[in-house]
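A.B. asks: A predicted structure for the sequence below; I have some questions about it.
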Amino acid sequence: MPIDLDVVKSRLDDIRFSITEVLRITRKPYDELSIDEKYAIRYVIVILVESLVALCTHIAREEFGYRPKSYVDAVVFVCERFQVPCTRDLVNLVRLRNLLVHRYWVVDDRLIYENVRRNFTCVLKFIECVEGRYLGK
């Protein structure tokens, strides 16, 4: 099957929205965040990663006929084919999602806050690669 451009656009929109939301929330100093805002950061990261993995899985299956064995496998497979230079950063983001979902009780919200407010350079590079390949941007 060919790549479904509606899927590509929708997942990219979800990723962009997630980045915007995290950056909006983290404009406040950490000590001023409510518990709801801290949990919102966690949730938005999960959404971002789920969207990223869904996009990578779609590309892997539809363009390359490959069935990823895990979330990390999906991201690595596509990043290698697109020559994304910062694949490790995306893998770490997937692992953070796994921590948030499966071992949430060991999460250090301050550490997450400090890391996510820095930037999403690698995610944005990945978006550029996908847009260039499928959307002609």
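C.D. replies: Perfect, thanks for sending it. Numbers count the residues shown, from 1 in each chain.
A.B. asks: For the rest of this, base every contact and every neighbour count on C-alpha atoms.
C.D. replies: Will do.
A.B. asks: tell me the SS of Y66?
C.D. replies: With DSSP: H, G, I helix; E, B strand; the rest coil as the basis, Y66 sits in coil.
A.B. asks: I'd assumed D73 was in contact with it.
C.D. replies: No: with contact taken as C-alpha atoms under 8 Å, Y66 and D73 are classed as non-touching, separated by 10.3 Å.
A.B. asks: Show me the shaky parts of this structure.
C.D. replies: Counting by pLDDT under 70, not a single residue of the chain qualifies.
A.B. asks: tell me, how many neighbours does R103 end up with?
C.D. replies: As a burial measure, the neighbour count of R103 was computed by other C-alpha atoms under 10 Å and equals 11.
A.B. asks: What's the separation between it and E80?
C.D. replies: From R103 over to E80 the distance is 28 Å, taken as C-alpha to C-alpha, to the nearest Å.
A.B. asks: now C122
C.D. replies: When C-alpha to C-alpha is applied, the distance between C122 and E80 equals 14 Å.
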